[in-house]
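In: Sequence below, structure please.
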Amino acid sequence: MTEEEESNSVTVRVSSSEEFVQSRRLKQILDAKGRVLDEYYNSTHGYHNYSNGEGIKNESERNRRIAHAVVEFCIEVEPVLEQAEEQEVFEENTVELDGTTYSIANIIDTGGRIGEMAIKPEQSMFIYRTVSKKIADIGIGINLEEEKQPAEI
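Out: Reported below is the predicted structural model:
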């Protein structure tokens, strides 16, 4: 028996409940990843257009919104990264930011804040890129391998 899940006109067919759970987790990770980029571009655009009476009022609100999206992304990938670390896919589940090393759990626990301030968009996007690379290293995401053609004799 096959279970189906439709998303953005893409149909995913799986043959077991375990595969269904894994495909659901992948969808949640990719959705969270997309929300980071959406928030970054939308809040940046909104911040620059506030003078027209629309958008985000101040820089700290912009920083908070982007940091929050990155924290949500980290929440989605943390269990996968912890499992990869246990299996020694990579040495540490950390991000080095401005000379300080933070665990993914620490980034989540602080809600994307360093002290009293939300991390800056550049820092948020650095965390996003670092975590994205880690999940790509363990095989989550798009694989851009070249399709091999059969050899001709």
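In: Kindly spell out which helices and strands sit in contact with the strand or helix carrying residue 18.
Out: For residue 18, the host element (DSSP states H and E) is helix 17-48. For helix 17-48, the elements it packs on are strand 3-7, strand 10-14, helix 59-86, helix 121-137, judged by 3 or more CB pairs under 8 Å, 6 or more residues apart in numbering; DSSP states H and E. Heads up, the C-betas are built off the backbone N, CA and C, glycines and all.
In: Run through the chain and note the low-pLDDT ranges.
Out: Scanning the chain for pLDDT under 70 picks out 1-15, 45-57, 140-153.
In: residues in contact with stretch 31-47?
Out: Under the contact criterion CB atoms under 8 Å, 6 or more residues apart in numbering, stretch 31-47 has outside partners 54-56, 59, 61-62, 65-66, 68-70, 72-73, 75-77, 121, 124-125, 128, 132.
In: for it, which positions count as buried?
Out: Neighbour counts over stretch 31-47 (16 or more other CB atoms under 10 Å) mark 32, 33, 35, 36, 39, 40, 42, 43, 46, 47 as buried.
In: how close does the third one get to residue 43?
Out: When distances are taken as CB to CB, to the nearest Å, residue 35 and residue 43 turn out to be 11 Å apart.
In: go on, the second one?
Out: According to CB to CB, residue 33 and residue 43 sit 16 Å apart.
In: which one of the helices and strands packed on helix 17-48 is the most hemmed in?
Out: Among these, helix 59-86 has the highest mean neighbour count (mean count of other CB atoms under 10 Å), at a mean of 19.
In: Which secondary structure element is home to residue 96?
Out: Assigned by DSSP H and E, residue 96 falls in strand 94-97.
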